[in-house]
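S.K.: Here you go, sequence then predicted model.
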Amino acid sequence: MAKTQLGARVDEDVAELAKKRAADLGLSIGDYLARLVQDDASGLRARAVDAAAHFLAEHQTVFDEAEDAQQSSRGARAA
């Protein structure tokens, strides 16, 4: 395993592949790795938002019923 300037230990084959890919994109290895991290974070964020939207859509009736119960209980106290 080769030691990179970032202090991470990486197989030489993986490091070479990353260097070639960075060069293909016209990026330094550091910029290429930063882009990979940013893309991964963006993908995680998109999956999290999608999961939250799916959860809310799937349970919308529960939320509606709770909101209706809360509104009707306020009216009962006021009367």
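M.R.: Yep, it's here. Numbering: from 1, shown residues only.

S.K.: And for residue 18, the neighbour number?
M.R.: 16 (other C-beta atoms under 10 Å). Backbone N, C-alpha and C define where each C-beta goes, glycine included.

S.K.: buried stuff in the helix ranked longest in the chain?
M.R.: For the chain, the longest helix by residue count, based on DSSP state H, is helix 29-58. Within helix 29-58, the residues that count as buried by 16 or more other C-beta atoms under 10 Å are 29, 32-33.

S.K.: Show the average pLDDT along that helix.
M.R.: Average pLDDT, helix 29-58: 92.

S.K.: Would you pull up how far it lies from the middle of the chain?
M.R.: With C-alpha atoms, centre = their mean, to the nearest Å as the basis, helix 29-58 stands 3 Å off its chain's centre.

S.K.: And stretch 57-76, by the same measure?
M.R.: The chain centroid and the centroid of stretch 57-76 are separated by 31 Å, computed with C-alpha atoms, centre = their mean.

S.K.: Output it as PDB - backbone C-alpha positions only.
M.R.: In PDB, the C-alpha atoms belonging to stretch 57-76 read as follows (Å, rounded to 0.1, in the frame of the first residue of the first chain):
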ATOM      1  CA  ALA A  57     -46.500  10.700   1.900                       C
ATOM      2  CA  GLU A  58     -46.900   7.200   3.300                       C
ATOM      3  CA  HIS A  59     -48.000   8.400   6.700                       C
ATOM      4  CA  GLN A  60     -49.900  11.600   5.600                       C
ATOM      5  CA  THR A  61     -53.200  10.200   6.900                       C
ATOM      6  CA  VAL A  62     -51.800   9.700  10.400                       C
ATOM      7  CA  PHE A  63     -50.500  13.300  10.400                       C
ATOM      8  CA  ASP A  64     -53.900  14.500   9.100                       C
ATOM      9  CA  GLU A  65     -55.800  12.600  11.800                       C
ATOM     10  CA  ALA A  66     -53.500  13.900  14.500                       C
ATOM     11  CA  GLU A  67     -54.000  17.500  13.300                       C
ATOM     12  CA  ASP A  68     -57.700  17.000  13.100                       C
ATOM     13  CA  ALA A  69     -57.900  15.600  16.600                       C
ATOM     14  CA  GLN A  70     -55.800  18.500  17.900                       C
ATOM     15  CA  GLN A  71     -58.000  21.100  16.200                       C
ATOM     16  CA  SER A  72     -61.200  19.400  17.400                       C
ATOM     17  CA  SER A  73     -59.900  19.200  21.000                       C
ATOM     18  CA  ARG A  74     -59.200  22.900  21.000                       C
ATOM     19  CA  GLY A  75     -62.700  23.600  20.000                       C
ATOM     20  CA  ALA A  76     -64.100  21.400  22.700                       C
END
